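Peer 1: I would like the atomic coordinates for the input below:
(one chain, ligands or ions: 1)
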Amino acid sequence: MTQTEDPASAAAETDLDGILQGGRLAGLAPESLAQVFGTPFYLYDLDLIGRRVKALRSILPPGFRVAFAVKANPALAVVAHLGRSGVGADVASAGELALVLRAGFDPANVAMTGPGKRDDELAAAVAAGIGAITVESIGELRRLESIAARAGRRQAVLLRLAVSEDARLETVRLIGGVEGKFGMPLSTLSEAAAIAARSPNLDLLGLHAFGASNLRDADQLVAHVAQLVDVARDVTREVGVRLRLVDAGGGLGIPYADDEEPLDLTLLQRRLQSLRARWDEVPELGDMQVLLEPGRFLVGPAGVYVARVVDVKGPDSAPVAILDGGINHALRPALIRSEHRLAVLAADSIRALVPVTVAGPLCTGIDVFATGTCLPRPRVGDLVAVLDMGAYGFTESMPWFLSHPGPAEVAVKGGVARLIRPRLDPEDVLERQIDPNWES
Ligand SMILES: Cc1ncc(COP(=O)(O)O)c(C=O)c1O
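Peer 2: Here you go, the predicted model:
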């Protein structure tokens, strides 16, 4: 039987939803995974990541490219898988640059963006021959120019524009004249563009602006791209150098709650197609390329954090379950103050649904995953999954706090689970410390 004749496997091919289906994680029994890898652990479904890459790329018009924002999940095996699935990479540091080079990315498909890039980081990026370096200020542009000159290179640059940081605005706004942490205001852009256009060591490739995080509204995303391309057209006219790329950053959103709708990819496709058609009529924009740098959209739903219940207390009608891992490994829910969906992975009988508080083992009141969330009544020994943790999960946490073991990280591909990063052993952390023993 071919795949298309089998409705179940055809559905699996297009399924962009979470890693948890029918009580199994990426098709595997959670308890077996826990027995092999121990708890707590992170699990990433590489096949689901592949499907999400394919779904996004398939709706993009010609001239649109995708680069994975490595900061969302810098696990080498995840990044390497993304590289093999054909996307580029957005890196924010020399460490992330080294990671993507180790993962086998073509430097030409790598862009570096981020505030506070040190000279040694800019030099490493120039030496590696990466496709674009985004500069955030005129000062950084001048530093990059001398670094490129010293290296005898001509480096492609993007000028980063500041945007309003209010993610709830109807349309993301480029900032006129205020200097902030990210990028430069529109008032500085002409000067920066003129410097880059004049320099023999810089190739003024285009503009960059990150709109807003976790947008599930296709219209808002497209309005941001359109706005940026309009500015690129104006800069082209002003400095007489044709800009060829706008990097619209990431921000493609995912649902974190049951009542949230996913980003409508069909609508996004339609809106981007009409945008592309409009540019084709503008001489300066005919060969304009657009780079999207999603992190969360590609990997968020494909990762889960799993911990074991070590204690249950309180009344049966409203129990409190304490897990063997918490915000030391999965800080995002507390950091962003947004609860993630939880699942009690109980292999046995049907359980009553009750309001449950789920907390980690840390001695801080913020180490709580859910307060009074309706879940099957947990028991000691159960596994609990924190869903949608594939992006800004372990990487955004604080594993040293309270010296608990760190979680193992595991990837699943084609139904096979493999360890991709061993558990962090508190002994190793201890080994790396020095007591100078001042008295002796
Ligand atoms: C420059 C840049 N690009 C891309 C991203 C990825 O954003 P997201 O994961 O929301 O798509 C970020 C996130 O902070 C970013 O700063």
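Peer 1: C-alpha from now on. contacts and neighbour counts both.
Peer 2: OK.
Peer 1: what does the stretch 101-250 of the chain put close to the ligand?
Peer 2: Proximity of the stretch 101-250 of the chain to the ligand (CA under 6 Å from any ligand atom) is limited to residues Thr113, Phe210, Ser213, Asn214, Gly249, Gly250.
Peer 1: could I get those in CSV, plus columns for secondary structure and neighbour count?
Peer 2: Compiled in CSV, these are given as follows (DSSP: H, G, I helix; E, B strand; the rest coil; neighbours: other CA atoms under 10 Å):
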residue, secondary structure, neighbour count
Thr113, coil, 23
Phe210, coil, 25
Ser213, coil, 17
Asn214, coil, 19
Gly249, coil, 27
Gly250, coil, 26
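Peer 1: tell me which two in these are the farthest apart.
Peer 2: By the measure CA to CA, Thr113 and Asn214 form the most distant pair in those, at 18.5 Å.
Peer 1: any stretches of this structure with poor pLDDT?
Peer 2: The chain contains residues with pLDDT under 70 at 1-14, 165-172, 176-178, 347, 349.
Peer 1: all helices of the stretch 101-250 of the chain, in order?
Peer 2: Assigned by DSSP state H, counting those that start in this stretch, the stretch 101-250 of the chain shows helices spanning 119-128, 138-151, 186-198, 218-239.
Peer 1: and those helices as JSON lines, adding distance to Ala77 and mean neighbour count?
Peer 2: Shown next, in JSON lines, are the helices of the stretch 101-250 of the chain (distance: least, CA to CA, whole Å; neighbours: other CA atoms under 10 Å):
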{"stretch": "helix 119-128", "distance to Ala77": "21", "mean neighbour count": "18"}
{"stretch": "helix 138-151", "distance to Ala77": "31", "mean neighbour count": "18"}
{"stretch": "helix 186-198", "distance to Ala77": "37", "mean neighbour count": "18"}
{"stretch": "helix 218-239", "distance to Ala77": "29", "mean neighbour count": "19"}
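Peer 1: could you export these as TSV, including distance to Leu335?
Peer 2: Formatted as TSV, the helices of the stretch 101-250 of the chain follow (distance: least, CA to CA, whole Å):
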stretch	distance to Leu335
helix 119-128	28
helix 138-151	30
helix 186-198	31
helix 218-239	24
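Peer 1: and Ala34, which of those is closest to it?
Peer 2: Nearest of those (CA to CA): helix 218-239, 38.5 Å.
Peer 1: helix 186-198 and the closest one, what's the angle between them?
Peer 2: 50 degrees (axes from the mean of the first three to the mean of the last three CA atoms, to 10 degrees).
Peer 1: return the distance of helix 218-239 from the chain's centre.
Peer 2: Mean-position distance between helix 218-239 and its chain equals 23 Å (CA atoms, centre = their mean, to the nearest Å).
Peer 1: contacts for it, please.
Peer 2: Helix 218-239 has contacts (CA atoms under 8 Å, 6 or more residues apart in numbering) with 170-173, 190, 193-194, 197, 206-209, 211, 215, 242-243, 246, 248, 251-252, 263-265, 267-268, 271-272, 275, 284-285.
Peer 1: for Pro62, which of the helices of the stretch 101-250 of the chain is the nearest?
Peer 2: Nearest of the helices of the stretch 101-250 of the chain (CA to CA): helix 218-239, 14.7 Å.
Peer 1: give me the buried entries from the contacts of helix 218-239.
Peer 2: Using 16 or more other CA atoms under 10 Å as the burial test, those include 171-173, 193-194, 197, 206-209, 211, 215, 242-243, 246, 248, 251-252, 263, 265, 268, 271-272, 275, 284-285 as buried.
Peer 1: residue of the stretch 301-440 of the chain closest to the ligand, please.
Peer 2: Ala391 (7.0 Å; CA to the nearest ligand atom).
Peer 1: surely that residue and Tyr305 touch.
Peer 2: No - Ala391 lies out of contact with Tyr305 (CA atoms under 8 Å); the separation is 11.0 Å.
Peer 1: mind checking which of the helices of the stretch 101-250 of the chain is nearest Val70?
Peer 2: Closest approach to Val70 among those (CA to CA): helix 119-128, 15.2 Å.
Peer 1: now the closest one against helix 138-151, angle please.
Peer 2: 50 degrees.
Peer 1: burial of the closest residue to Gly393 other than its chain neighbours, as a residue count?
Peer 2: Closest residue in space to Gly393, ignoring its immediate chain neighbours: Ala330 at 5.4 Å, by CA to CA, 6 or more residues apart in numbering. Ala330 sits with 28 neighbouring residues when counted by other CA atoms under 10 Å.
Peer 1: helix or strand for Ala330, which one?
Peer 2: Applying DSSP states H and E as the criterion places Ala330 outside every helix and strand.
Peer 1: what about Gln289, how many neighbours?
Peer 2: Each residue near Gln289 was counted by other CA under 10 Å, and the total is 18.
Peer 1: in contact with it, which residues?
Peer 2: Residues near Gln289 by CA under 8 Å, 6+ apart: Gly63, Phe64, Arg65, Arg244, Leu245, Val246.
Peer 1: domains in the protein, by residue range?
Peer 2: As given by automatic domain parsing, the domain ranges for the chain are 3-44+300-430, 113-294.
Peer 1: and Ala89, that one's in a strand?
Peer 2: Yes - membership of Ala89 in a strand is supported by DSSP: H, G, I helix; E, B strand; the rest coil.
Peer 1: the ligand contacts on the stretch 251-400 of the chain?
Peer 2: Gly251, Leu252, Glu293, Pro294, Gly295, Arg296.
Peer 1: the same query, at a cut-off of 5 Å, please.
Peer 2: Proximity of the stretch 251-400 of the chain to the ligand (CA under 5 Å from any ligand atom) is limited to residues Gly251, Glu293, Pro294, Gly295, Arg296.
Peer 1: how much space between Trp400 and Tyr305?
Peer 2: Going from Trp400 to Tyr305 by CA to CA, to the nearest Å gives 17 Å.
Peer 1: so for those two, which sits in the more crowded spot?
Peer 2: Legend: neighbour count by other CA under 10 Å for Trp400 and Tyr305, higher for Tyr305 (27 against 14).
Peer 1: which residues touch the closest residue to that one other than its chain neighbours?
Peer 2: Among residues not flanking Tyr305 along the chain, Tyr42 sits closest, at 4.5 Å (CA to CA, 6+ apart). Residues counted as contacts of Tyr42 (CA under 8 Å, 6+ apart) are Gly303, Val304, Tyr305, Val306, Phe394, Pro407, Ala408, Glu409, Val410.
Peer 1: show me these that map onto strands.
Peer 2: Counting by DSSP state E, the contacts of Tyr42 place Gly303, Val304, Tyr305, Val306, Ala408, Glu409, Val410 in strands.
Peer 1: isn't the fifth one up against Leu419?
Peer 2: So the one you mean is Ala408. Yes - taking CA under 8 Å as the definition, Ala408 is a contact partner of Leu419 at 7.2 Å.
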